[in-house]
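Trainee: sequence and predicted model, in that order:
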Amino acid sequence: MNCFVTGASGFIGANLVQELVARGHRVKALLRPTSDLRGLTGTEFERVNGDVNDRAACAAGLRGCDWCFHVAASYHLWLKDYAPMYAANVEGTRIVLEEAAQAGCSRIVYTSTVGCVGLPQFDRGHTCVPADETAPTKPSQLSNHYKISKWRAEVLARELAAKGLPIVIVNPSAPVGPRDVKPTPTGQVIVDFLNRKMPAYLDTGLNWVHVRDVAIGHILAAEKGRIGERYILGNAEGNWSMKLALDVLQEITGIPAPKTEVPYFVALLAAHADETISKFTGKPPKAPLAGVRMAKCKMYFNPAKAIRELGLPQTPPRQALADAVEWFRSNGYVRNERPKPG
């Protein structure tokens, strides 16, 4: 297939391009002139210069393509001005999806986020019940501009699918693994751990999934996904607390995991103070208030639908963390590391 990929230089996008090429597909990658291409090293693709708000560039790049993967998004938890984020995430999505349909793509895969899926619930025994695709999203859940912009974009994708556009929606959970160049906030946790810059942790939790499985999930969505449906791309065994993930990192690396848990109210106060300073300096806070608020709820999800309907791979979360550690170590993200004992 001839494939068009936006966000190809990002974490999921770079892994998707690699998996598409490995399967014999041809890829056109929409990239800005300033895009960091380290995640695409060793992968063959045709470069299309432009961005998601450039309708002409999207139309030209999509010409002759069978599949479109709209992975690009502006992901920031703090900005002085959020207008560019909405322009990219909402209007950019409209442009890409409309132009993909105009080009005659047989499948258009839109990358949303589990942040647009309802939050997990607790049963009478106070056990967390992971959320699936049917969990209702409450307005209170859309607690920051990134989530709001992605929610509006997903609603738009569903509306266009209802009008007949061949759109399938995927909602990745918390991917980890190789090619995390930026790195992502989840990858930064691993980098900080490796550099011994994590003296304490918050009591939160994520659905940890190998980025390779997420990339393959996109391809499976193009092959098998039902139009207008959404699929959580996660791991059925990946609902881990932050403490468990750090303990597993200790087993993998030999680096001691932090023992101190930061009370939520302390983290919240620190984030408020950090953002107050940012208003004067213009520099992003180290701990954005939006991130702390998101950490209050364990983001546990059930990917059974994607496993059942798409055949989503289920690489063990431990392997995902180990592969991330290896990639960060091999690519210069770890400084003055002492060898693992034994």
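Mentor: Okay, I see it.
Trainee: show the subsequent helix or strand relative to the lowest-mean-pLDDT helix or strand in the chain.
Mentor: Ranking every helix and strand in the chain by mean pLDDT, DSSP states H and E puts helix 289-295 at the bottom, with a mean of 64. Next helix or strand after helix 289-295 toward the C-terminus (DSSP states H and E): helix 304-310.
Trainee: alpha carbons of that next one, as PDB, please.
Mentor: Taking Å, rounded to 0.1, in the frame of the first residue of the first chain, the C-alpha atoms of helix 304-310 are listed here in PDB:
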ATOM      1  CA  ALA A 304      -9.900  -6.300  24.900                       C
ATOM      2  CA  LYS A 305     -11.700  -5.000  21.800                       C
ATOM      3  CA  ALA A 306      -8.500  -4.300  19.900                       C
ATOM      4  CA  ILE A 307      -7.100  -7.700  20.900                       C
ATOM      5  CA  ARG A 308     -10.300  -9.400  19.800                       C
ATOM      6  CA  GLU A 309     -11.100  -7.500  16.600                       C
ATOM      7  CA  LEU A 310      -7.600  -6.400  15.400                       C
END
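Trainee: strands of this structure, start to end?
Mentor: Listed in chain order, the strands of the chain (DSSP state E) span 2-6, 26-31, 46-49, 67-70, 107-111, 121-122, 128-129, 167-172, 174-176, 200-202, 205-210, 230-233, 239-241, 260-262.
Trainee: among those strands, which gets the worst mean confidence?
Mentor: Comparing mean pLDDT across the strands of the chain, the lowest value falls on strand 121-122: a mean of 76.
Trainee: sheet-wise, list the partners of it with their directions.
Mentor: strand 128-129 (antiparallel) (DSSP bridges).
Trainee: how far does the partner strand sit from the chain's center?
Mentor: Strand 128-129 sits 22 Å away from the centroid of its parent chain (CA atoms, centre = their mean, to the nearest Å).
Trainee: which residues does it contact?
Mentor: 120-123, 205, 239, 298, 300 (CB atoms under 8 Å, 6 or more residues apart in numbering). Bear in mind the C-beta positions are built from the backbone N, C-alpha and C, glycine included.
Trainee: try 7 Å
Mentor: 120-123, 298, 300 (CB atoms under 7 Å, 6 or more residues apart in numbering).
Trainee: can you pull out the helices in this protein?
Mentor: Here the chain has its helices, by DSSP state H, at 11-22, 55-62, 83-86, 92-102, 145-162, 185-194, 211-224, 242-253, 264-281, 289-295, 304-310, 317-330.
Trainee: looking at the ones you listed, which is nearest to P33?
Mentor: helix 55-62 (11.4 Å; CB to CB).
Trainee: buried set for the closest one?
Mentor: 55, 57-62 (16 or more other CB atoms under 10 Å).
Trainee: export those residues to TSV and tack on distance to V71 and pLDDT?
Mentor: Putting those into TSV (distance: CB to CB, whole Å; pLDDT from 0 to 100) gives the following:
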residue	distance to V71	pLDDT
R55	18	97
A57	16	96
C58	13	97
A59	18	97
A60	19	96
G61	14	97
L62	14	98
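Trainee: now the residues you listed in CSV, with distance to I277?
Mentor: Formatted as CSV, the buried residues of helix 55-62 follow (distance: CB to CB, whole Å):
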residue, distance to I277
R55, 39
A57, 38
C58, 39
A59, 44
A60, 44
G61, 41
L62, 44
